[in-house]
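# this is a predicted model, with the sequence first.
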Amino acid sequence: MDLYLDKKTAVVTGASQGLGRAITKTLAAEGVKVLAIARNEELLKSLQQEIAAAGGVVPEIWIQDFLVPEAPQQIAAAALAALPHVDILINNAGRSRPLDIVGPDDEWQQALLLDFDRHRQLTQQLLPHMIGRRQGSVLNITSTYELRAINASAVFKASITVWAKQLAAQLGPYGITVNCLQPGLIDTANIRRVFTDDQRRAYAPQAIPLGDFGTPQDVANMATFLVSPRAKYITGTVAAVDGGLRNYAF
Ligand SMILES: NC(=O)c1ccc[n+]([C@@H]2O[C@H](COP(=O)([O-])OP(=O)(O)OC[C@H]3O[C@@H](n4cnc5c(N)ncnc54)[C@H](OP(=O)(O)O)[C@@H]3O)[C@@H](O)[C@H]2O)c1
């Protein structure tokens, strides 16, 4: 199926590894020019090389710590300088943050910034541009909110979902879609910090109907569809890519 993504442009945060890297590679293979953002320059350069070798559209890269206060303005300026315009924004940077039930305040503050505020601020930087063009697609990579223990990241990802639904309602008249993609347990460095291989083998078959963790490509496939013109009538939704892990409807 042609996703009609050829010659589109995208900004992807957290593109150096894991889900963001797979999403960038998949978009590049579909003809999308991406501005790939993260802190690790070496990984971003290897991403450019991999995409060039595979014959995709080589992404521009931007080295940025998303936590610094001026990051949203700097990323938006870099995007509008490197790309002719921005069709797609993928808010992906983040990390799992399991905490004690009385976990330290600074960890909660960092999670608030990394998993909610910076995404909201970057989106707000780019929205006037999208509204002016009367087109755009914003996809937020969130997380499950059915955990049985405190994880500060998941709390703010849930906030992203509520904010995204509100935005979707207001931006529909401008032809802009806003959706969330909720990964379950996907095999990335982020998850390998929390589950050893032995824990994964013991946990996955009994907790996940499809029997194992997913791959970054499983998420990239859904993400690429959701930001494509093929998904033009889908907005304000949450798409789960979790092998059936979730327990409740959302
Ligand atoms: N994998 C899963 O099962 C799963 C489940 C639920 C939710 N998620 C969410 O999916 C997203 C991607 O996760 P992942 O599993 O792919 O994690 P990952 O492999 O650890 O990748 C995280 C990405 O975020 C970037 N990042 C982290 N902190 C940053 C900062 N301060 N400034 C700039 N970039 C930063 C990292 O880049 P640098 O280190 O190079 O800066 C990296 O590219 C996250 O939002 C995560 O919460 C993942």
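Now that the structure is in, tell me what you want to look at.

# and Leu181, bridged to which residues?
Beta-bridge pairing of Leu181 under DSSP bridges involves Ile141, Ala239.

# that one: how many residues sit nearby?
Neighbourhood size, Leu181 [other Cβ atoms under 10 Å]: 25. Where you see a C-beta, it was placed from the backbone N, CA and C, and this is true even at glycine.

# so how far is the ligand from it?
9 Å (Cβ to the nearest ligand atom, to the nearest Å).

# and for Thr224?
Thr224 is 15 Å from the ligand, by Cβ to the nearest ligand atom.

# quick check: closest non-adjacent residue to that residue.
Nearest residue to Thr224 in three dimensions, chain neighbours excluded: Thr26, at 4.8 Å (Cβ to Cβ, 6 or more residues apart in numbering).

# just the CA trace of the helix or strand where that neighbour lies, in PDB.
Applying DSSP states H and E as the criterion places Thr26 in helix 18-29. Output of helix 18-29 as PDB, limited to C-alpha atoms (Å, rounded to 0.1, in the frame of the first residue of the first chain):
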ATOM      1  CA  GLY A  18      14.800   2.300  20.200                       C
ATOM      2  CA  LEU A  19      11.400   3.300  18.900                       C
ATOM      3  CA  GLY A  20      12.400   6.800  17.600                       C
ATOM      4  CA  ARG A  21      15.200   5.200  15.600                       C
ATOM      5  CA  ALA A  22      13.000   2.600  14.000                       C
ATOM      6  CA  ILE A  23      10.300   5.200  13.200                       C
ATOM      7  CA  THR A  24      12.900   7.500  11.600                       C
ATOM      8  CA  LYS A  25      14.200   4.600   9.400                       C
ATOM      9  CA  THR A  26      10.700   3.600   8.400                       C
ATOM     10  CA  LEU A  27       9.700   7.100   7.500                       C
ATOM     11  CA  ALA A  28      12.900   7.600   5.600                       C
ATOM     12  CA  ALA A  29      12.200   4.400   3.600                       C
END
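
# right, and Leu226 touches Ala239 too?
Yes: counting by Cβ atoms under 8 Å, Ala239 is a contact partner of Leu226 at 6.3 Å.

# overlap of the contact sets of the two?
Common contacts of Leu226 and Ala239, defined by Cβ atoms under 8 Å, 6 or more residues apart in numbering, comprise 179, 181.

# perfect, I'm done here.
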